[in-house]
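Peer 1: below is the sequence, then the predicted model.
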Amino acid sequence: MKTKEAEVAINEHYGELKFLCEQEVERAFPEGALNIRPGLIVGPHDFTDRFTYWVNRVAKGGEVLAPGRRDKEIQFIDVRDLAEWILRLVEEQRTGTFNATGPDSTLTMEKFLEECNSTLENDADFVWVDEQFLLGHKVEGWSELPLWIPDSMYMNGFLGVDIQKALQAGLRFRPLTETIRAIREWEMTRETAERKAGMDPEKEQAVLKDWQQRAL
């Protein structure tokens, strides 16, 4: 088991490697360059299924396994908002380095799931399951339960990035309801049942059953 110090060191090293490419760009264009650091990019035609999983799962209804803390902060950006903003920056010949994710105010996992429920006019029942219980049942964050990163991984900054500089440079966001609705409409046109992220329905039901029996 890795210690907290080891996890933090790994995250810092990953961050250093991530920005080596930016250093190369700046070296090649010393007069100025535009570097964009996007967060999780979502929207129609996103075949990673990381955001799409939740939209589809809520649309299915019933008891939905909701992971960890209700107030855990999450971030993502609609690809259309990102693309439009980058094009404007290029047209304006802007330079600099920008964190590009959203929204422009704190969004919690609970608020996000409730927004999915409301937008899809559904009645899904969210069952919030403790992180340690999930880990004990070998539930994987991010892949099986997208947008959820266990607190024990010490990666709070991963979905809590400061985007003030990007906002000052004109980054704007469409309503979350538009993203949810567009993803659901696109999902209904997909011909394959294969999904790259999300929890297997049978495993979800098994975990929920164990959780409910534990609570009795």
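Peer 2: Great, that's in hand.
Peer 1: in stretch 208-216, what's buried?
Peer 2: For stretch 208-216, the neighbour count (16 or more other CB atoms under 10 Å) marks 208, 211 as buried. Using the backbone N, CA and C atoms, a C-beta is placed for each residue, glycine as well.
Peer 1: avg pLDDT for it?
Peer 2: In this model, stretch 208-216 has a mean pLDDT of 86.
Peer 1: then it to PDB, C-alphas only?
Peer 2: Extracted in PDB, the C-alpha atoms of stretch 208-216 (Å, rounded to 0.1, in the frame of the first residue of the first chain):
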ATOM      1  CA  LEU A 208     -25.900  -2.100  -3.600                       C
ATOM      2  CA  LYS A 209     -27.400  -5.300  -2.100                       C
ATOM      3  CA  ASP A 210     -24.400  -5.700   0.200                       C
ATOM      4  CA  TRP A 211     -24.500  -2.000   1.200                       C
ATOM      5  CA  GLN A 212     -28.100  -2.200   2.100                       C
ATOM      6  CA  GLN A 213     -27.800  -5.400   4.100                       C
ATOM      7  CA  ARG A 214     -24.900  -3.800   6.000                       C
ATOM      8  CA  ALA A 215     -27.000  -0.800   6.900                       C
ATOM      9  CA  LEU A 216     -29.700  -2.900   8.500                       C
END
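Peer 1: show me what it is in contact with.
Peer 2: Contacts with stretch 208-216, where a contact means CB atoms under 8 Å, 6 or more residues apart in numbering, come from 63, 65, 127, 129, 130, 133, 137.
Peer 1: the closest residue to the last one other than its chain neighbours - how many residues pack around it?
Peer 2: Which is residue 137. Closest residue to residue 137 apart from its sequence neighbours, by CB to CB, 6 or more residues apart in numbering: residue 207 at 5.1 Å. Residue 207: 21 surrounding residues under other CB atoms under 10 Å.
Peer 1: much appreciated, bye for now.
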